[in-house]
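Colleague: okay, sequence plus prediction incoming.
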Number of protein chains: 4
Amino acid sequence: MAIDKSVKTKKILDAAVIEIAHRGYYNTTVSQIARRAGVADGTIYLYYKNKESILVSVFERAMDRFISEGVLKLKNGKEPAEQIAEVVALHLKLVGEDHDLAVILQVELRHSIHFLDMFSRSRLREYFEVLADIVTKGQKSGAFRKELDPLLSAKLIFGVLDQVATDWILADSNSKLSSRVDEISEFLIAGLK
Amino acid sequence: MAIDKSVKTKKILDAAVIEIAHRGYYNTTVSQIARRAGVADGTIYLYYKNKESILVSVFERAMDRFISEGVLKLKNGKEPAEQIAEVVALHLKLVGEDHDLAVILQVELRHSIHFLDMFSRSRLREYFEVLADIVTKGQKSGAFRKELDPLLSAKLIFGVLDQVATDWILADSNSKLSSRVDEISEFLIAGLK
Amino acid sequence: MAIDKSVKTKKILDAAVIEIAHRGYYNTTVSQIARRAGVADGTIYLYYKNKESILVSVFERAMDRFISEGVLKLKNGKEPAEQIAEVVALHLKLVGEDHDLAVILQVELRHSIHFLDMFSRSRLREYFEVLADIVTKGQKSGAFRKELDPLLSAKLIFGVLDQVATDWILADSNSKLSSRVDEISEFLIAGLK
Amino acid sequence: MAIDKSVKTKKILDAAVIEIAHRGYYNTTVSQIARRAGVADGTIYLYYKNKESILVSVFERAMDRFISEGVLKLKNGKEPAEQIAEVVALHLKLVGEDHDLAVILQVELRHSIHFLDMFSRSRLREYFEVLADIVTKGQKSGAFRKELDPLLSAKLIFGVLDQVATDWILADSNSKLSSRVDEISEFLIAGLK
DNA sequence: CATGAATGAGGGTTCATTCAT
DNA sequence: AATGAATGAACCCTCATTCAT
């Protein structure tokens, strides 16, 4: 039962990611999600309160995958500069692996975060804090300049990664998102030093 | 007559910017725009073909103000590093001056650019090119590293500015966007050197 | 002044005939009529109370041209059978000469006569009476059977002519409407004998 | 389920016939049809693509009833002249039985056939062909004159029947449409001989 | 007389959500 | 639990008509 429930929930969420990534939230109908999920329209409402709550769950899961599956790997003892490079590689790898997920994060999340009641904004903050911690460590070890506010730095780093990811999505390019990792890392590390 | 026309057009556009910035395009009705503009619903359609074309015009005007009023000032002979600092200041000033305009640019434009037929994307490219030119000049003068691709650099710079602007918007803060100009400029210039 | 008035009235009516014949009354806008007439939208309302009254006038004039210009020629002393042939020729000639007028009469008039307040139905009755008179004369002279009700006969004759005209219109054919005159006359005269 | 579907479809169609016959297609709103059918506005669109497709279905069903239920009876071995009389009786009986259906056929169909994309025109042609066949047979058996083109004759016959039907409708008369059958048959048969 | 910008009621259509089965 | 037919509010847009100039 509990398993059934989560299986169906996942099926619906998977369907929603695809539809929303392709058409945008407002151009996606509940029926379309239901059809792709292979369930009836009404069934959606057994698992989600309404259309908006599907979107919230989509974001939640996307952020989860992004943060937990990825960033936690950073909790090791490497050099700050090296860790920056790792974050860059990881961020772009995750975004690059799943185009639909990337669209959701770069396009829909940013859009919704402003108009819908702010849920997952806190998850973003988690991410920022991880980045800020790296900067702080780097400043303590003398590797990075001390004048920069760590949280601001975190946001700047994120801005760069986000822009690269968005650019990749908007370009429709099936090009190599990973090929730029080194260049970008250097830029960021130089900026921090 | 011709004046009347452009006056009315502007009134409608101004109303649209406010409504769309507050509610998002899909949650804004033509009636709301009309009401705020002080005209009847039908009047809207004397000046715009349909709802979407209002959005397009909103973007167009926003980009125009942004690019023409601003970036052209850069065509002077200053040092590249100084120009970077100027761009940062200018970008954040323009965004900071008009919160609604900023929302449109950071939130709606990004959203629409992906799902609607890509019009004003070319305007963005213009902006990138201005930034890329500065980088190129800096590389020639030896001020900046030569390994970085100028266009990529332009995008990284934009990403940083964009993120800071978005952060400011999402924070709802009526805080000082300008206070961070120096920190950010330093970061970018260091990254380019 | 009076001349100006009737000139403008005619211009509007001419425009209305063309537009309505091409698109149908309900798909024709007052603006389209005005544009074709070369006047402003508002001007229409100086000459006609509303859109419907334009249609009424269109019908009125169409019937006028049809009856007066045509049928009155029949008031001569020919043989009834010969007169039938003349009516057939005349009816089809008038319809065939002006396709737009024909569409109005065959398609729009018939449609409107049922739903709008019945104006010009009386003009149609005039026409029927002319036809009925011919039949009556024929019966008196012994040329036609006496069992047939003259008014019914008139309508049967009209039905035949109307169908041929409609068929010609619906066929879009720029074919020869006149080529069938003899065949049709024979059929009608035989039917009456 | 399948039964439900066709039941509902029929209910909507019945409602549409009544409303359209009374007001005309363009003066009938989807809401009115829905109200008379006893369903919500949106329900209409579960069964019909749009308003126009309702009209098409109305025509289709009207023609069907007219042709299949009726004309096929003619495929027997009677005398041509007798068959003509049968067609006249049948045509007027069908029209006379259902005033709304008659209005649709005589008024709306003729109107739409000219302005909408011509669908059911082919059904009319079927009907003409049945009539033409009778004439052809009559010509072969020597009962009818050979000079007349059978298809033209068919149209003339139809024109007569159509006019009588239209006249009956426009007269609003709840009078006897059937009383004229003999007179009309005679006229037609005489015309063909 | 003439204009044409402005009006706003009204229509067709969509779609999130419900509920009887 | 699951279905999907039904609902009806809400939206975009059109166009006959008016009226200030």
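Modeller: In hand now; what should we look at? Keep in mind that what you see is a predicted model, and the values were worked out from it rather than measured.
Colleague: and whatever helix or strand A:Leu46 lives in, what's its mean pLDDT?
Modeller: Taking DSSP states H and E as the criterion, A:Leu46 maps to helix A:41-47. Mean per-residue pLDDT for helix A:41-47: 97.
Colleague: for it, which positions count as buried?
Modeller: A:Ile44, A:Tyr47 (16 or more other C-beta atoms under 10 Å in any protein chain shown). Where C-beta positions appear, they are placed from N, C-alpha and C, glycine not excepted.
Colleague: toward the C-terminus, what is the element adjacent to it?
Modeller: Using DSSP H and E, the next helix or strand after helix A:41-47 towards the C-terminus is helix A:51-67.
Colleague: quick one: list the elements packing against the lowest-mean-pLDDT helix or strand in chain A.
Modeller: Across the helices and strands of chain A, mean pLDDT, DSSP states H and E gives its lowest value to helix A:110-115, namely a mean of 79. For helix A:110-115, the packing partners by 3 or more C-beta pairs under 8 Å, 6 or more residues apart in numbering or on different chains; DSSP states H and E come out as helix B:110-115, helix B:150-170.
Colleague: and those helices: which comes nearest DNA strand F?
Modeller: Smallest distance to DNA strand F across the helices and strands packed on helix A:110-115 (C-beta to the nearest atom of the strand): 14.4 Å, for helix B:110-115.
Colleague: any part of the closest one near DNA strand F?
Modeller: No. Applying C-beta under 7 Å from any atom of the strand, one finds helix B:110-115 separated from DNA strand F by no less than 14.4 Å.
Colleague: before we move on, back to that, and the helices and strands packed on helix A:110-115, which one's lowest on average pLDDT?
Modeller: Among the helices and strands packed on helix A:110-115, helix B:110-115 scores lowest, at a mean of 78.
Colleague: hmm, back to that, so what touches the helix holding A:Leu46?
Modeller: A:Lys5, A:Lys8, A:Thr9, A:Ile12, A:Val30, A:Ser31, A:Ile33, A:Ala34, A:Ala37, A:Ile54 (C-beta atoms under 8 Å, 6 or more residues apart in numbering or on different chains).
Colleague: thought A:Leu101 was touching A:Arg65?
Modeller: Yes. Contact criterion C-beta atoms under 8 Å: A:Leu101 and A:Arg65 qualify, at 7.3 Å.
Colleague: check contacts around A:Leu148.
Modeller: Per C-beta under 8 Å, 6+ apart, neighbours of A:Leu148: A:Val135, A:Gln139, A:Leu192, B:Glu183, B:Glu186, B:Phe187.
Colleague: TSV for the residues you listed, including pLDDT, secondary structure and distance to chain C?
Modeller: Formatted as TSV, the contacts of A:Leu148 follow (pLDDT from 0 to 100; DSSP: H, G, I helix; E, B strand; the rest coil; distance: C-beta to the nearest C-beta, whole Å):
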residue	pLDDT	secondary structure	distance to chain C
A:Val135	93	helix	65
A:Gln139	94	helix	71
A:Leu192	87	helix	65
B:Glu183	90	helix	60
B:Glu186	92	helix	62
B:Phe187	92	helix	60
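Colleague: just give the closest residue to whatever residue of chain A ends up closest to chain D, not the sequence neighbours.
Modeller: Going by C-beta to the nearest C-beta, chain D is nearest to A:Ser31 of chain A, at 12.2 Å. Spatial nearest neighbour of A:Ser31, chain neighbours left out: A:Asp41 (5.4 Å); criterion: C-beta to C-beta, 6 or more residues apart in numbering or on different chains.
Colleague: do you know how far the one you found is from B:Arg61?
Modeller: 40 Å (C-beta to C-beta, to the nearest Å).
Colleague: need the three-state assignment for A:Ala143.
Modeller: Three-state assignment for A:Ala143 (DSSP: H, G, I helix; E, B strand; the rest coil): coil.
Colleague: same check on A:Lys176?
Modeller: A:Lys176 is classified as coil under three-state DSSP.
Colleague: got a list of what the nearest residue to A:Asp149 once chain neighbours are set aside touches?
Modeller: Among residues not flanking A:Asp149 along the chain, B:Glu183 sits closest, at 6.8 Å (C-beta to C-beta, 6+ apart). By C-beta under 8 Å, 6+ apart, the contact set of B:Glu183 is A:Glu147, A:Leu148, A:Asp149, A:Leu152.
Colleague: 7 Å instead, please
Modeller: By C-beta atoms under 7 Å, 6 or more residues apart in numbering or on different chains, the contact list for B:Glu183 reads A:Leu148, A:Asp149, A:Leu152.
Colleague: who's in contact with the strand or helix carrying A:Val88?
Modeller: Element membership for A:Val88, per DSSP H and E: helix A:80-97. Contacts with helix A:80-97, where a contact means C-beta under 7 Å, 6+ apart, come from A:66, A:70, A:74, A:102, A:131, A:134, A:137-138, A:141, A:143-144, A:161, A:164-165, A:177-178, A:181, A:184-185, A:188-189.
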